[in-house]
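**Student:** have a look; sequence and predicted model below, questions after that.
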Amino acid sequence: KRAWFAAAILQIFIASMYMVHLCAAYAYLPELTTHRKSLVNYTSEFVAAQYTASVTFLIFMVGVLFLVDIEPGQEMMSVKLSQSVVVTVSTVAFGFAWKFLFQERPPSQNIPEGSTLFTAGFKKLWRTSNTIIEHHSAIK
């Protein structure tokens, strides 16, 4: 049972890092072009690449687990193996992207006086949510 708990913690960690990575990646997409149609194409290609990577990983893990020939009652071995592969590949891929692909750039907004980056972000989310509720009922 301890191993299942550790696997769940690893899964939560890597899913959280994936969301952080996606936020950064999606934030850069609008800077690639000023043409709406090109942006739609970039976004769809990005999502298709993510899906393809997920399917490729699934096929890879099914093949590896088939070759390893897990015996009934040894399901934890498949969890350990797949989590090890996910954490290793994600750490290398995300680390490379964060270190070498995301370039330094000036901030697009300044943090208001008396705020921190953390509080300014939540205040902006609050204002954006209120704007959506008040003025954009179609996307509530």
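**Tutor:** On my side now, so go ahead. Numbering: from 1, shown residues only.
**Student:** near Val86, how many other residues are there?
**Tutor:** By the measure other CB atoms under 10 Å, the count of residues near Val86 is 17. Every C-beta, even on glycine, is put in place using the N, C-alpha and C of the backbone.
**Student:** what's the distance between it and Thr52?
**Tutor:** 16 Å (CB to CB, to the nearest Å).
**Student:** repeat that for Lys123.
**Tutor:** Taken as CB to CB, the span from Lys123 to Thr52 is 38 Å.
**Student:** check Phe60 too.
**Tutor:** Using CB to CB, Phe60 is found at 12 Å from Thr52.
**Student:** quick one: which of these two has more around it?
**Tutor:** Phe60 (13 against 10).
**Student:** tell me the SS of the more buried one?
**Tutor:** At Phe60 the chain is in helix, as set by DSSP: H, G, I helix; E, B strand; the rest coil.
**Student:** with Pro107 instead?
**Tutor:** Going by three-state DSSP: Pro107 is coil.
**Student:** neighbours around it, how many?
**Tutor:** Neighbours of Pro107 under the rule other CB under 10 Å: 7.
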